[in-house]
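Q: got a predicted model here, sequence first, then my questions.
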Amino acid sequence: MYHQLNRFTGRLIASSHLQNPLFPVAPIALQRVDPPAIQYNTNHMSTVTEATACAAGSRRLVPGTNIPYPPVNETIRKQQELFQKDNDVPVHLKGGPFDALLYRLTMLLCIVGLAGIGHTIYGHAVPKKQ
């Protein structure tokens, strides 16, 4: 016997008009379909034409367009070289003494914040004596 919800009372009642379950009893075989062949480096898939590729030279293009990336500023290039050097210094200290000062200030503020949280929790947990 199958059951359904009564729309008026919201309770389960025996269903008289549902003679079959709401799911298939016997599984239906799936149709076999071969996946499409993958095509690599075809002309209709590429957004770069031969003329623009030669004009751009060895410069990389913005994905999905024929526009080359703009040149990188020299100061940014120097900073990239500085931060990519393998000299066993953590990245948050590679900027020199100013970065070390900012790191220590951040750690001090974290400790002060944790102490403030501990003080607040202690103040709420232990009532004041009157």
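A: Nice, I can see it. Numbering: from 1, shown residues only.
Q: so what's His3 up against?
A: Leu12, Ile13, Ala14, Ser15 (Cβ atoms under 8 Å, 6 or more residues apart in numbering). Quick note: C-beta positions are derived from backbone N, CA and C, even for glycine.
Q: pLDDT at the first one, what is it?
A: Think Leu12. pLDDT, the model's per-residue confidence, is 79 for Leu12.
Q: neighbour-wise, which of the contacts of His3 leads?
A: Using other Cβ atoms under 10 Å as the contact criterion, the top neighbour count among the contacts of His3 goes to Ser15, which has 12 neighbours.
Q: that one contacts Leu5, doesn't it?
A: No - because the distance of 9.7 Å does not satisfy Cβ atoms under 8 Å, Ser15 is recorded as not touching Leu5.
Q: quick one on the thing from earlier: now the two most distant members of the contacts of His3.
A: Greatest spatial distance in those: Leu12 and Ser15, 9.2 Å, computed using Cβ to Cβ.
Q: mutual contacts of the two, please.
A: With contacts taken as Cβ under 8 Å, 6+ apart, the residues that reach both Leu12 and Ser15 are His3, Gln4.
Q: wait, Val62 sits on Pro70?
A: No - assessed by Cβ under 8 Å, Val62 is found out of contact with Pro70, at 9.4 Å.
Q: give me the common contacts of these two.
A: If you check Val62 and Pro70 against Cβ under 8 Å, 6+ apart, no residue is contacted by both.
Q: the residue nearest the centre of the chain and Tyr69, how far apart?
A: The geometric centre of the chain, computed from its C-alpha atoms, lies nearest to Pro63 (Cα atoms, centre = their mean), at 19.6 Å. Pro63 is 10 Å from Tyr69, where distance means Cβ to Cβ, to the nearest Å.
Q: could you do Tyr103 as well?
A: Counting by Cβ to Cβ, the gap from Tyr103 to Tyr69 is 32 Å.
Q: likewise Pro90?
A: 30 Å.
Q: also His124?
A: To Tyr69, His124 is 55 Å away according to Cβ to Cβ.
Q: quick check: Leu82 touching Lys94?
A: Yes - under the contact definition of Cβ under 8 Å, Leu82 touches Lys94, with a separation of 6.4 Å.
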